[in-house]
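In: Model the structure of this input:
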Amino acid sequence: MTRPPTVPQPQPQPQPQPLRIGNASGFYGDRFDAVREMLTDGPLDVLTGDYLAELTLLILGRSRLKDPRRGYATTFLRQLEESLGLAHERSVKIVTNAGGLHPAGLADAVRELADRTGIPVRVAHVEGDSRPVPDGFLTANAYLGGGGIAACLRAGADIVVTGRVTDAALVTGPAAAHFGWGPGDHDALAGAVVAGHVLECGTQATGGNYAFFGDHDVRRPGFPLAEVHADGSCVLTKHEGTGGVVDLGTVTAQLLYETDGARYAGPDVTARLDTVRLTRDGPDRVRISGVRGEAPPPTLKVGLTRLGGWRNEVVFVLTGLDIDAKSRLVKEQFADALDRAGRPPAEVRWELARTDRPDADTEETASALLRLVVRDPDAEAVGRAVSGAAVELALGSYPGFHLTAPPGKGAPYGVFEAAYVPAGEVAHTAVLPDGTREAVPPAGTYRVPAPVAEPALPEPLPAGPTRSVPLGRVAGARSGDKGGDANVGLWVRSDDAWRWLAHELTVARFQELLPETAGLTVVRHVLPHLKALNFVVRGLLGEGVAAQARFDPQAKALGEWLRSRHVTVPVGLPDEPEVHA
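Out: Next up is the predicted model:
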């Protein structure tokens, strides 16, 4: 009997290995030893470093004014001096935005270091973010995506230096190069964006700045890494044996940090944060999956920085009795002194912090702080006129008069502003290791992001007995800044707590709990998969962190203030224990 010919069956194709991407810096000034530690504490394929915040480019811009050869984060170069050999031995690629305003200059400095130490590394850099600087501004830089980084890595670069790219581009670029993603692979790119957003602030993903810090030993958290898969999903973790923790809470907190709505738009892709799924994947391992992506917007954000003027600050210490009366006296005396000086500063702000306690057993705890902040376009208006007025009150004001520090001459402050340009107008360029300049094409297809319709809320909890507790005994929070806006993300860890939070914490209730937000526009975004709410407060921070207009200019502790406010919760609702020393 003749057998039919055997038809060969298609063999399953081997899946590419996950790409292990670590982070060693969340800002310019982060832990110096992190680069070496990330290279020695466990296996990696790529090590990234984020050195650029909105304020950093202003700092680098002033540095470049003094020396045109500068404008990059010199700390990275010093870190590399002790770690370049380690990276080469372990075949770890390094991708960093430490190039700041002068990526070519930092790339040259890295090559000089490699030549001096005899370590054969191939260095590339990315250009095109620098934009024409409008009159009155110091810097202007477009936020690029990961395409230039991917081109450099595909050409064999061991180290890639960029200027202003999005924080997530440090992950989307290596992942796209490794897995062969194209601009249309929106879901995969969106997953990498989410991974990059969690990694970008370093130890904030491993227990740093964490609401429930008492649950774990976070005295020296290790830096995070992501095991990125070909479909864009990933596992967030850290090197075994390092400090801190990676769990659903730490990852959720960082996901909510400095975000706006459910559509998280960037130059590579718009990631849908309302599609993110988090699941435990073992000790110190959290799987991120299900992220959907959409075409990126047709414009790129451009960050503009300028010197906004001059500011000065004086802090008066008021001790013991009659704090309010003492405060009124020094304000009246100071106003008179400034009038006599000729012209008061354009902006004069007083804040009284009642840190005093009645019948205190130490002088410090018996004292309140009266803070004066003045700002003006003219340095003279905030300089001698202010410091002299403060000093001259020393023997003729309230009893117990003294200051926390001698007043100074005043200092310049900066302003960050955002503008937008068509993506096709930006000459995104990869300068490959051999010097070849490769143009990075724009995404090609675009979609203008629109607000996402609010999802259905869970069923409210049934009525029953209640109790008053701080909100933070039920919910975690993390807050931050984007220019002059602030965001506060809150999340809970049980379904019942989510049913309560989703209905209790409306915009109106949020503004009741945080009176400083009253009168400002507050937008609430609901993220059911994360059991989270994200509140965006427009204009709370004035002209942004560099302007130093508010007590907490980056809104870092806004979420902790909210958690300290008392709310009414159902009896029996799971809550978090207090942290005891």
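In: With only the CA atoms kept, save the helix or strand containing V386 in CSV.
Out: For V386, the host element (DSSP states H and E) is helix 384-392. Taking Å, rounded to 0.1, in the frame of the first residue of the first chain, the C-alpha atoms of helix 384-392 are listed here in CSV:
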residue,chain,number,x,y,z
ARG,A,384,20.2,94.6,49.3
ALA,A,385,16.7,96.2,49.8
VAL,A,386,15.4,92.9,51.2
SER,A,387,18.4,91.5,53.0
GLY,A,388,19.1,94.9,54.6
ALA,A,389,15.5,95.3,55.7
ALA,A,390,15.6,91.9,57.4
VAL,A,391,18.9,92.6,59.2
GLU,A,392,17.9,96.0,60.3
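In: Show the average pLDDT along it.
Out: Here helix 384-392 scores 91 as its mean pLDDT.
In: All the helices of the chain, residue numbers only.
Out: 34-40, 54-66, 74-89, 103-117, 147-154, 169-179, 186-199, 248-256, 323-340, 379-382, 384-392, 495-504, 507-513, 558-564 (DSSP state H).
In: Adding mean neighbour count and distance to E425, write those out as JSON lines.
Out: Placement of C-beta: from N, CA and C, glycine included. Output for the helices of the chain, formatted as JSON lines (neighbours: other CB atoms under 10 Å; distance: least, CB to CB, whole Å):
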{"stretch": "helix 34-40", "mean neighbour count": "21", "distance to E425": "35"}
{"stretch": "helix 54-66", "mean neighbour count": "20", "distance to E425": "20"}
{"stretch": "helix 74-89", "mean neighbour count": "18", "distance to E425": "29"}
{"stretch": "helix 103-117", "mean neighbour count": "18", "distance to E425": "20"}
{"stretch": "helix 147-154", "mean neighbour count": "26", "distance to E425": "15"}
{"stretch": "helix 169-179", "mean neighbour count": "27", "distance to E425": "18"}
{"stretch": "helix 186-199", "mean neighbour count": "28", "distance to E425": "22"}
{"stretch": "helix 248-256", "mean neighbour count": "25", "distance to E425": "32"}
{"stretch": "helix 323-340", "mean neighbour count": "15", "distance to E425": "47"}
{"stretch": "helix 379-382", "mean neighbour count": "21", "distance to E425": "37"}
{"stretch": "helix 384-392", "mean neighbour count": "18", "distance to E425": "44"}
{"stretch": "helix 495-504", "mean neighbour count": "19", "distance to E425": "42"}
{"stretch": "helix 507-513", "mean neighbour count": "15", "distance to E425": "37"}
{"stretch": "helix 558-564", "mean neighbour count": "21", "distance to E425": "36"}
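In: hang on, the earlier thing: by how many degrees do the helix holding V386 and helix 323-340 diverge?
Out: Here helix 384-392 runs at 140 degrees with respect to helix 323-340, directions being taken by axes from the mean of the first three to the mean of the last three CA atoms, to 10 degrees.
In: For the remainder of this discussion, apply numbering that starts at 607.
Out: All right, first residue 607 from here; so that's helix 990-998.
In: which residues touch the nearest residue to E1166 once chain neighbours are set aside?
Out: Excluding its sequence neighbours, the residue lying closest to E1166 (CB to CB, 6 or more residues apart in numbering) is A1083, at 6.8 Å. A1083 makes contact with 817, 859, 1094-1097, 1165-1166, 1168-1169, according to CB atoms under 8 Å, 6 or more residues apart in numbering.
In: And for F829?
Out: F829 makes contact with 628-630, 637, 640, 643-644, 808-809, 812, 844-845, 848 under the criterion CB under 8 Å, 6+ apart.
In: give me every residue that touches S933.
Out: Neighbour list for S933: 924, 956, 958, 974, 976 [criterion: CB under 8 Å, 6+ apart].
In: my guess is the third one meets A974, correct?
Out: Yes: applying CB atoms under 8 Å, one finds L958 in contact with A974, separated by 6.4 Å.
In: joint contacts of the two?
Out: Counting by CB under 8 Å, 6+ apart, the residues touching both L958 and A974 are 924, 929, 933.
In: average model confidence for stretch 1113-1122?
Out: For stretch 1113-1122, the mean pLDDT works out to 97.
In: do the same with stretch 708-717
Out: Per-residue scores along stretch 708-717 average to 98.
In: if we can go back for a sec, ok, of the contacts of F829, which one's closest to V875?
Out: Distance to V875 across these (CB to CB) is lowest for N629, with 20.0 Å.
In: what's the burial count for that closest one?
Out: For N629, the neighbour count with other CB atoms under 10 Å is 30.
In: Skip the chain neighbours and tell me the closest residue to it.
Out: Nearest residue to N629 in three dimensions, chain neighbours excluded: L805, at 4.3 Å (CB to CB, 6+ apart).
In: what's the answer for L1001, then?
Out: Distances taken as CB to CB, 6+ apart place F1007 nearest to L1001, at 7.8 Å, with adjacent residues excluded.
In: Go ahead and confirm that neighbour touches F922.
Out: Yes: counting by CB under 8 Å, F1007 touches F922, with 7.4 Å between them.
In: intersection of neighbour lists for those two?
Out: Shared contacts of F1007 and F922, defined by CB under 8 Å, 6+ apart, comprise V936.
In: who has more neighbours, the two?
Out: The neighbour comparison of F1007 against F922 (other CB under 10 Å) goes to F922, with 24 against 18.
In: just to revisit the earlier point, just curious, which of the contacts of S933 is nearest to D942?
Out: Using CB to CB, W956 comes nearest to D942 of the contacts of S933, at 14.5 Å.
In: neighbours of that closest one, just the number please.
Out: W956 has 15 neighbours, counted by other CB under 10 Å.
In: who's in contact with it?
Out: Listed by CB under 8 Å, 6+ apart, the contact set of W956 reads 933, 937, 976-978.
In: again, only using 10 Å
Out: 922, 933, 936-937, 940-941, 976-980 (CB atoms under 10 Å, 6 or more residues apart in numbering).
In: which of those residues lies closest to L1067?
Out: Closest to L1067 out of those is R977 (42.1 Å), distances taken as CB to CB.
In: Distance check, the closest one against R1156.
Out: Distance, R977 to R1156, using CB to CB, to the nearest Å: 11 Å.
In: between the two, who's got more neighbours?
Out: When neighbours are counted by other CB under 10 Å, R977 and R1156 differ, and R1156 comes out ahead with 21 against 15.
In: Excluding chain neighbours, give the residue nearest to the more buried one in space.
Out: L1147 (5.8 Å).
In: One more: H792?
Out: The spatially closest residue to H792, leaving aside those adjacent along the chain, is G899, at 3.4 Å (CB to CB, 6+ apart).
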